[in-house]
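*Asks:* Sequence first, then the predicted structure:
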Amino acid sequence: MKLLDFISLGVNEEKNKVTFDAPAIVLSHGSGGLGATRSLARRGITVTAIAFDASDLVLYSRYPAKTYLASGSHDEKEAQILKILDDLPDQGAAILTDSDRLIALMSRCQKDLSKKYRYRLPPREILDALNDKKQETRLITSLGFDVPKTVQDLPPRPEDLERQLRFPIIFKPYLYVAEKDFPKKNEVIRTRESLAEFYRQWQKVLPLLLAQEVIPGPDSYSWICSCTFDRNHELLDCGIKQKLRAYPAHFGGSTYAVSRTNAEILQLTKSLGRKLEYVGHAGIEFRWDDRDARYKYLEINPRLPANVGFDEACGLPTVWNSYKVSLDGVAAHSGVKQKNGIYFLDLKKDLMSLRADRTPISRVPTSYLKLFFKPTNGMYFAWDDPKPAAVLAIRLAITVFRRVIGKIEMKLFSSARAIES
């Protein structure tokens, strides 16, 4: 597959001197938007945050100079975001986002947006492929990287799939827009009977899914990179962490991880960026496979990752790099070495992971108590910006309270039925 040349988006740099004090606009659709907003604002950049959902905690941060909230259906929200961008006075601002959906929107509307704003993306054909797991797995394989055995187009019968893949098998939506029809990040099937039931339950949705063999081993076999590539496809500072827990349990985004240098992962990341002719921020995941003693490519998210704020805790200015690349196309490697042994914790989703994994309640406090004696960075809490974490804590407390009340009501109802009978 022939890759396209770099696409430059933004004002003409020969006519407009680039200075690294231009305002930034963060299109936020998750916790990555909060992390990026904090990172840039702490460096003195004026940040406008546009939230895709009312639950977005960036709306409670003290760091954005202005915040906006899109409402309505997904299509209506996209239209509102474009209208907000059209009305904003921030000529020459850099745009960053943590959302696959909004990256796709920026790519589709680049002709109009680039008249006013600056940002850098991979060539559109590459970006479209990375947002489509069927195309993505074929593309990455064609570039010479190992990928878990994949069936992009599911056969009509479960027994036909079983002939192609070994259990466990993981099913994933191949496009983010499939979430309304298959409202799960993934589903893992371990037996023939479960596979037959999955086919019966999701028969109408099968064309929206692909299937892969699960690479066996603990969560710690997975490694995640948060990094930026410049317009010459050179890798700048790269934050590497080893996954320790995930949500959905064992097969999702990291909820508990540790920063740890891995030279082989670093080389794979550099090579991938060059071969893809990649530009901008990326979150990349690889997983070790004991069966052939090789790292396998799992995915690349062409955006700010959800835990991008963790990079700053490890001493790496990855968001700052992406901001500078958005404005100028290049940025110097900071030369800073990653701080290893820093722990990352997304408390909300980690509790969900432990619960889904049937971890005994008695073991949970002990697990977290250990973190008090280790350098730890949460996804939401910051001493200089505590309100987002406080709002999240209140939401968690309300959720727990409602579940407790629900269980009490169920027990009372069962007792009343027993008395009646």
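*Replies:* Alright, I've got the coordinates. Residues are numbered from 1 along each chain as shown.
*Asks:* can we go C-alpha only for contacts and neighbour counts from here?
*Replies:* OK.
*Asks:* burial of I284, as a residue count?
*Replies:* By other CA atoms under 10 Å, the residues close to I284 number 21.
*Asks:* List the contacts of the closest residue to it other than its chain neighbours.
*Replies:* Distances taken as CA to CA, 6 or more residues apart in numbering place I300 nearest to I284, at 4.3 Å, with adjacent residues excluded. Contact analysis of I300 by CA atoms under 8 Å, 6 or more residues apart in numbering lists L130, A282, G283, I284, E285.
*Asks:* you'd agree the first one is up against R138?
*Replies:* Looking back up the chat, that one is L130. No: using CA atoms under 8 Å as the test, L130 is too far from R138 to be in contact (10.2 Å).
*Asks:* Compare the two (neighbour count), which wins?
*Replies:* Using other CA under 10 Å as the criterion, L130 and R138 rank with L130 on top: 23 against 14.
*Asks:* For that one, give its distance to K204.
*Replies:* Counting by CA to CA, to the nearest Å, the separation of L130 from K204 is 24 Å.
*Asks:* what number of residues lie near L165?
*Replies:* 16.
*Asks:* Pretty sure it sits against P148.
*Replies:* No: in this structure, L165 is not within contact of P148 by CA under 8 Å, at 10.1 Å.
*Asks:* Return every residue with contacts to both of those two.
*Replies:* Q212, E213.
*Asks:* Now do the helices in the stretch 201-350 of the chain.
*Replies:* 263-276, 309-313, 318-328, 347-356 (DSSP state H, counting those that start in this stretch).
*Asks:* and the longest one, what other elements does it pack with?
*Replies:* Of the remaining helices and strands, those touching helix 263-276 by 3 or more CA pairs under 8 Å, 6 or more residues apart in numbering; DSSP states H and E are strand 222-229, strand 235-247.
*Asks:* Columns mean neighbour count, mean pLDDT and distance to L105 on top of those strands, output as JSON lines?
*Replies:* Compiled in JSON lines, those are given as follows (neighbours: other CA atoms under 10 Å; pLDDT from 0 to 100; distance: least, CA to CA, whole Å):
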{"stretch": "strand 222-229", "mean neighbour count": "28", "mean pLDDT": "96", "distance to L105": "20"}
{"stretch": "strand 235-247", "mean neighbour count": "25", "mean pLDDT": "95", "distance to L105": "25"}
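*Asks:* Indicate which one of those strands is closest to D181.
*Replies:* Nearest to D181, of all those, is strand 235-247, at 20.3 Å by CA to CA.
*Asks:* Adjacent strands (with direction) for that closest one?
*Replies:* Listed by DSSP bridges, the sheet partners of strand 235-247 and their directions read strand 222-229 (antiparallel), strand 253-259 (antiparallel).
*Asks:* which other residues reach the longest one?
*Replies:* Outside strand 222-229, the residues that touch it by CA under 8 Å, 6+ apart are 235-243, 265, 269, 273, 278-288, 304-305, 308, 311, 318, 321-322.
*Asks:* please redo it, this time with the cut-off set to 6 Å
*Replies:* 235-236, 238-243, 279-287, 318, 322 (CA atoms under 6 Å, 6 or more residues apart in numbering).
*Asks:* And stretch 22-36, by the same measure?
*Replies:* Identification of contacts with stretch 22-36 by CA under 6 Å, 6+ apart yields 45-52, 58, 93-99, 305-309.
*Asks:* spatially speaking, which residue is in the middle of the chain?
*Replies:* Nearest to the mean C-alpha position of the chain, counting by CA atoms, centre = their mean, stands P305 at 4.1 Å.
*Asks:* Could you verify my assumption that that residue touches A282?
*Replies:* No: shown here, P305 and A282 do not form a contact pair, counting by CA atoms under 6 Å, at 7.1 Å.
*Asks:* in the longest helix seen in the chain, what counts as buried?
*Replies:* Counting residues, the longest helix in the chain under DSSP state H turns out to be helix 387-420. Under the neighbour-count criterion of 16 or more other CA atoms under 10 Å, helix 387-420 has K387, P388, A389, L392 buried.
*Asks:* that older thread, who wins for proximity to Q212 among the helices of the stretch 201-350 of the chain?
*Replies:* For the helices of the stretch 201-350 of the chain, proximity to Q212 was assessed by CA to CA; helix 263-276 is nearest, at 20.8 Å.
*Asks:* Next, the angle strand 235-247 makes with that closest one.
*Replies:* With axes from the mean of the first three to the mean of the last three CA atoms, to 10 degrees applied, the angle from helix 263-276 to strand 235-247 works out at 110 degrees.
*Asks:* Distance from the chain centre to helix 263-276, please.
*Replies:* Distance of helix 263-276 from its chain centroid, counting by CA atoms, centre = their mean, to the nearest Å, is 19 Å.
*Asks:* Send me that helix as PDB with only the CA atoms.
*Replies:* Taking C-alpha atoms only, helix 263-276 is exported to PDB below (Å, rounded to 0.1, in the frame of the first residue of the first chain):
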ATOM      1  CA  ALA A 263      13.900  -0.600  24.600                       C
ATOM      2  CA  GLU A 264      12.200  -3.100  22.300                       C
ATOM      3  CA  ILE A 265       8.900  -1.400  22.600                       C
ATOM      4  CA  LEU A 266      10.600   1.900  21.900                       C
ATOM      5  CA  GLN A 267      12.100   0.600  18.700                       C
ATOM      6  CA  LEU A 268       8.800  -0.900  17.500                       C
ATOM      7  CA  THR A 269       7.100   2.500  18.100                       C
ATOM      8  CA  LYS A 270       9.800   4.400  16.200                       C
ATOM      9  CA  SER A 271       9.500   1.900  13.300                       C
ATOM     10  CA  LEU A 272       5.700   2.000  13.200                       C
ATOM     11  CA  GLY A 273       5.700   5.800  13.100                       C
ATOM     12  CA  ARG A 274       8.100   5.900  10.200                       C
ATOM     13  CA  LYS A 275       6.400   3.200   8.200                       C
ATOM     14  CA  LEU A 276       2.900   4.800   8.700                       C
END
